[in-house]
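K.L.:
give the three-dimensional model of this entry:
(2 chains)
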Amino acid sequence: MSLLAFCDDFNEYEWFISLTPELRDAQFRRIGPRGQNPLAVESLIAYDRPDVILLSQDGGGLEPPGNGPTADSGGPERPVLVLEKTREVPTGHNVGQRMARLVRSVEHGVPAIYFCPFRARKHGKHTGICNLNARLLGAFEEIWRIHNTPLVAINWPADEYGELYSDHRMDSELSSLLEAYIRSGFDPGCDAMSRTRSVQHNAFIQRCEIRPSYSSAPPSITIQQTLRALKQFNIDIGSHAGQALNRVAESVIYKIEMTEAHCRREDPYTGMQFIYDYLYCRYGPKPEDKCRNLLLHFPKVSKSTFMRQNPNDLSRKSSNWYLTASALIFSDGWLHLR
Amino acid sequence: MREDSVYYYTKRWFTDAGFRILAGQPPNGTDRFPVIEVKSGTNNERGSRNVFKPDLIAATDLSIVLVECKPRFSQEDVDKLRSIRDDQQRRTALVEELRQRRVLESNDLGSSYREALAIDQALRFAIAFEGSRVDLSDIYSLVLESNGDGSLYLGDDIISSL
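P.N.:
Reported below is the predicted structural model:
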């Protein structure tokens, strides 16, 4: 079996292959600009670029179990893992910053691991301990269930002061999981993945017990009757699009308070939309598979300004705004997506 | 050589020379080390304005070296390092950041740097790049060859220890 590790940075590759002897011979490949990578890599970077994409060149192993498009699988270079690594605790709104690339991976049936601190110290004048936003773990559970593909958050542990470990203690849990997964022949249902799923579930429950607000929607989210929402936003219920939305009884409204002066951006909102979509709307692998509409509401931005600043251009990250919502609602109009 | 390779070989050079890596941030990734931020003034400002993040910080019990890595010699990096070196407020902010993050203690160097003054006096500044030696008398230069080997210079002199 031959392995290729696609990374943006050689240092990340060097760390990655040090995690287990199973990866020692993985060859380095740099992730190129869009359009200059193997098809398997191109598919996985369509939304955003993850830190590591591992390809197996044996062409064997298990077929991807996901329900998403798999046109890129089964070739001589099969993606077997996506890994995202950060020193930042996914807290507050930052939790969404890396979601799109992880979702893209599991949409393609490729297991994804998010290696990040669950608890660490923030420095500066307002120093203190930051804790993981547990909704991330809840969303990961749902995404795993819906796509039948592992999406795992692994903790980068910290010492008693909240400083992250930088020695072997930092990634021993990650190393164990990777080693077992590789030895299983990249079986997403291997024992190690199942155990990790259970640990992740327990971590979600425990964190919600400590902070019950994580069990429900945040203040930026409102769940209400679709009919009422359509009236509130002056959407013609008789129109084709209005009827389409009104077929679903409830809608989730995600209020995004960015202003016109600062509306040419994606992070963290386009990632947060996935978290809220999977937590409160989705039942199936396609964006249309919703038990509630997902409405992104921009009360301070006009439609023309938004569309000019954030076109649905696949060569730009702004196209991520159009990936999963049912509709975009602006200060002076709206756009039906699905 | 790309910037991430310069970072890699620079880290290797300092490690081989007996240094501990206290902090580091490769150009397109995340390393196992913390990222140290040197803010202007009090180090307590919010946001990233006027923040300097050294590519690498390496230390022994004799010196603490801030290193900027670039594929080629960069006068901008030299100017940046001089601006830190010559600004006592920034040096103080750096010392405070190193202490708050406990990076010296966690690398078994705490006993050598109990006082803030000891940290400040141990500060050194270096650039790392691939190419030919550049005559700098006040900033160290780690000049890398294409195979990753390197030599550290101060002025004309090859430096074996800091």
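K.L.:
what helix or strand is the residue nearest to A:Gln200 when sequence neighbours are not counted located in?
P.N.:
Leaving out its chain neighbours, the residue that sits closest to A:Gln200 by CB to CB, 6 or more residues apart in numbering or on different chains is A:Leu137, at 5.8 Å. C-betas here are computed from N, CA, C, even on glycine. Assessed by DSSP states H and E, A:Leu137 sits inside helix A:135-147.
K.L.:
mind listing what's buried in that helix?
P.N.:
Using 16 or more other CB atoms under 10 Å in any protein chain shown as the test for burial, helix A:135-147 gives A:Arg135, A:Leu136, A:Leu137, A:Gly138, A:Ala139, A:Phe140, A:Glu141, A:Glu142, A:Ile143, A:Trp144, A:Ile146, A:His147.
K.L.:
tell me the first helix or strand C-terminal of it.
P.N.:
strand A:151-155.
K.L.:
what angle sits between that following strand and helix A:135-147?
P.N.:
150 degrees (axes from the mean of the first three to the mean of the last three CA atoms, to 10 degrees).
K.L.:
any residues touching the very next helix or strand once past strand A:151-155, and which ones?
P.N.:
As assigned by DSSP H and E, the chain's next helix or strand after strand A:151-155 is helix A:172-183. By CB atoms under 8 Å, 6 or more residues apart in numbering or on different chains, the surrounding residues in contact with helix A:172-183 are A:19-23, A:81, A:111, A:113, A:115, A:152, A:154-155, A:157, A:187, A:190-193, A:196.
K.L.:
please name every helix or strand in contact with the helix or strand following helix A:172-183.
P.N.:
Next helix or strand after helix A:172-183 toward the C-terminus (DSSP H and E): helix A:191-210. Other helices and strands packing on helix A:191-210, by 3 or more CB pairs under 8 Å, 6 or more residues apart in numbering or on different chains; DSSP states H and E, are helix A:135-147, strand A:151-155, helix A:172-183.
K.L.:
make CSV from those and add mean pLDDT to it.
P.N.:
Formatted as CSV, the helices and strands packed on helix A:191-210 follow (pLDDT from 0 to 100):
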stretch, mean pLDDT
helix A:135-147, 96
strand A:151-155, 97
helix A:172-183, 97
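K.L.:
picking up where we left off before, compute the inter-axis angle for the helix holding A:Leu137 and helix A:191-210.
P.N.:
Using the same axes, to 10 degrees: helix A:135-147 against helix A:191-210 is 140 degrees.
K.L.:
what sits up against helix A:135-147?
P.N.:
A:66-68, A:90, A:95, A:99, A:102-103, A:106-107, A:109, A:114, A:150-153, A:197, A:200-201, A:203-204, A:207-208, A:214, A:218, A:274-275, A:278-279, A:282-285.
K.L.:
distance to B:Val78 for the helices and strands packed on helix A:191-210 - can I get that in TSV?
P.N.:
Output for the helices and strands packed on helix A:191-210, formatted as TSV (distance: least, CB to CB, whole Å):
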stretch	distance to B:Val78
helix A:135-147	42
strand A:151-155	40
helix A:172-183	39
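K.L.:
pLDDT below threshold where in the stretch 1-150 of chain A?
P.N.:
Within the stretch 1-150 of chain A, the stretches with pLDDT under 70 are A:59-75.
K.L.:
centroid residue for the chain?
P.N.:
Let's take chain A. A:Met99 (2.3 Å; CA atoms, centre = their mean).
K.L.:
to clarify, I was referring to chain B.
P.N.:
Short answer for chain B (CA atoms, centre = their mean): B:Leu66, at 1.5 Å.
K.L.:
tell me the phi and psi of that residue?
P.N.:
Main-chain torsions, B:Leu66, degrees, to the nearest 10: phi -90, psi 130.
K.L.:
now it: closest residue in space, sequence neighbours ignored.
P.N.:
Excluding the flanking residues, the one nearest B:Leu66 by CB to CB, 6+ apart is B:Pro54, at 4.3 Å.
K.L.:
got a list of what that neighbour touches?
P.N.:
Neighbours of B:Pro54 in contact, by CB under 8 Å, 6+ apart: B:Ala23, B:Ile36, B:Val38, B:Leu66, B:Val67, B:Glu68.
K.L.:
read off the pLDDT value for the last one.
P.N.:
Confidence per residue is given as pLDDT, and for B:Glu68 that number is 97.
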